Structure formats: C-alpha cells, structure tokens
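J.: Build me a model:
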Amino acid sequence: MKEDKQRWNERYLDNPMPQSVSPLLEKYIEHAKVGQAIDIACGTGRNTHYLSDLGYIVDAVDISDYALERVRDSATIKKIDTDLDKYNLTPNKYDLIVNINYLNRRLVSQMKEALKSGGVLMFETFIVAHGDFHLPTTNLDYLLRKNELLHSFIGLDVIYYEERVDTNLRGERIKVASIVAKKV
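T.: Predicted structure coming up:
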C-alpha cells in the first residue's frame with residue numbers, strides 16, 4: 001500500500017487535475033435522490049465538493065493522503081484514506097455511487113449490493129484503445145474491454161450507456177465507457 005500511496009501522491013503533486021465536475025455527474029444528477037453518496041477514488045474532491053454542495057453526505061475515498069488533504073473539511077464529507085484494493089463497500093448504504101476515471105473490478109462486483117433500492121450508479125472510466133489514444137496505464141487490469149461496463153451492471157435499470165472517443169481534462173484523446181443506472 002505504501003508504494004501505491006507514494007505513487008498517487010506524486011502523481012497529484014506533479015500533475016494536478018483541473019477541478020471541473022464530471023459532465024456525466026452534472027448531466028444525470030437529477031436521477032439520484034439526495035442522501036448518502038460515495039465518491040470512489042475521489043482525488044482532490046472535484047465531484048465530492050459538488051455533491052456536498054447539493055446536500056449529499058459523501059464518503060470521499062482515496063489512497064492519496066495528499067489528494068485527501070485538498071478535499072475540504074465539512075460536516076457532510078467523510079474522508080477515507082484507504083487502499084481501494086482492500087476497501088469494501090457496505091451493502092445497502094448508498095443513494096448514489098460515483099466512480100470516475102478509476103477501475104477496480106473487485107469493487108465493481110460490490111457496487112450493486114452497496115446501492116439502496118432506488119440508488120443510482122454513475123461510472124465512467126477508460127477502455128482499451130489502439131492507435132492514436134492516450135492511455136492512463138498500459139496495465140490492462142485498469143482498462144475496460146468493449147461492453148464490459150454494461151455487462152457488469154446487468155440487473156440495474158440503465159438510464160444511459162455509451163462508449164465513445166473523448167478528450168480528458170488534460171486535452172488528450174481517450175476512449176471511455178459511461179453508465180448511469182438505477183437499482184430497482
């Protein structure tokens with residue numbers, strides 16, 4: 001865990017991310033009931049702050065203590081400094097799960113159970129791409145395959161799904177998959 005923490009701390013320090021809210025979150029937030037939320041791999045809190053401002057009680061989870069120090073102190077934000085390879089989601093706890101630009105298949109399998117009835121999942125991350133694309137990693141464990149995200153959430157009511165070419169916050173060409181789905 002210490003190596004991962006150090007690597008992520010250095011990444012946030014050397015290459016700060018813009019603080020704009022995820023467009024997916026902004027566009028589909030009206031589908032979620034205000035209540036308990038989790039921002040998985042929250043980084044410096046761009047989505048956490050947005051949710052908190054809307055009235056959500058947010059678990060902001062990340063391995064980088066450097067990033068979590070930049071998440072504002074608030075009665076509506078609980079900062080959780082942990083290795084997501086070992087962290088477990090509490091069943092039936094969340095009205096909203098947000099997972100942007102991160103993939104941990106072990107957590108993916110827990111997400112459906114962590115949603116309350118009527119809870120909403122918003123998930124967007126990178127897909128394996130060939131050619132002229134920027135990939136955040138060459139480790140295929142951290143990249144989705146075609147249609148994998150959609151298949152991972154069979155059983156939820158899909159509100160939106162797309163695989164597309166996009167531009168990341170740093171202006172690099174990427175390929176991503178996005179899903180918004182509700183537990184019924």
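J.: burial count for the closest residue to residue 50 other than its chain neighbours?
T.: Spatial nearest neighbour of residue 50, chain neighbours left out: residue 21 (4.5 Å); criterion: CB to CB, 6 or more residues apart in numbering. Quick note: C-beta positions are derived from backbone N, CA and C, even for glycine. Using other CB atoms under 10 Å, the number of residues around residue 21 comes to 16.
J.: swap in residue 30?
T.: Residue crowding around residue 30 was assessed by other CB under 10 Å; the count is 7.
J.: List the residues that contact it.
T.: Residue 30 makes contact with no residue, according to CB atoms under 8 Å, 6 or more residues apart in numbering.
J.: need the helices for the chain, in chain order.
T.: Applying DSSP state H to the chain gives helices spanning 2-14, 23-28, 46-53, 65-69, 105-114, 148-152.
J.: Using JSON lines, please lay out those together with mean neighbour count, mean pLDDT and distance to residue 90.
T.: As requested, these are exported to JSON lines (neighbours: other CB atoms under 10 Å; pLDDT from 0 to 100; distance: least, CB to CB, whole Å):
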{"stretch": "helix 2-14", "mean neighbour count": "13", "mean pLDDT": "68", "distance to residue 90": "22"}
{"stretch": "helix 23-28", "mean neighbour count": "16", "mean pLDDT": "97", "distance to residue 90": "21"}
{"stretch": "helix 46-53", "mean neighbour count": "22", "mean pLDDT": "98", "distance to residue 90": "17"}
{"stretch": "helix 65-69", "mean neighbour count": "18", "mean pLDDT": "90", "distance to residue 90": "19"}
{"stretch": "helix 105-114", "mean neighbour count": "16", "mean pLDDT": "96", "distance to residue 90": "6"}
{"stretch": "helix 148-152", "mean neighbour count": "17", "mean pLDDT": "96", "distance to residue 90": "19"}
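J.: Does residue 101 touch residue 124 like I think?
T.: Yes: contact between residue 101 and residue 124 holds when scored by CB atoms under 8 Å: they sit 7.0 Å apart.
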